[in-house]
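Asker: Sharing a model prediction with you, sequence too.
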Amino acid sequence: MGFAGDYVKAMWMMLQQDEPDVYVVATQDSHSIREFVQLSFEAVGLDWEKYVVIDEKFFRPVDVTNLCGDYSKLKNQVGWEPDTNFKQLVGMMVAADMDRIATP
């Protein structure tokens, strides 16, 4: 999971190169749904465990357990790195939702 603004910056930087190439745009960071939910609830001062029920019957049995992109080529050749970390991104997402709720 990464911030779209970081990815757009990566694309712009790739387009500035003299020769085209293939790059992976990623954060090289992996987080669980549980971490996402926990940070989201923390951002509004709530304990997620009081509101979220985990029902294993909805687990997908053939899911990839870990997906993590390696952007080292993009970093080394183009100089790009993500500026927004996972916690910042979750905070931005929650703030946007809270603003949407507060605005009629």
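Answerer: Good, I have the coordinates.
Asker: Per-residue pLDDT of the closest residue in space to G79 that isn't next to it in sequence, please?
Answerer: Excluding the flanking residues, the one nearest G79 by Cβ to Cβ, 6 or more residues apart in numbering is M13, at 6.9 Å. C-beta here means a position set from N, CA and C on the backbone, and glycine is covered the same way. As predicted, M13 sits at a pLDDT of 97.
Asker: same deal with the one 4 residues further on?
Answerer: In this prediction, Q17 carries a pLDDT score of 96.
Asker: what's the strand or helix carrying the residue nearest to G79 packed up against?
Answerer: Using DSSP states H and E, M13 sits within helix 4-15. In terms of contacts (3 or more Cβ pairs under 8 Å, 6 or more residues apart in numbering; DSSP states H and E), helix 4-15 is packed against helix 72-78.
Asker: helix or strand right after the helix it packs on?
Answerer: Using DSSP H and E, the helix or strand that follows helix 72-78 towards the C-terminus is helix 86-102.
Asker: Now do the buried residues in that next one.
Answerer: For helix 86-102, a neighbour-count test (16 or more other Cβ atoms under 10 Å) marks F86, L89, V90, G91, M93, V94 as buried.
Asker: Many thanks, I have nothing further to ask.
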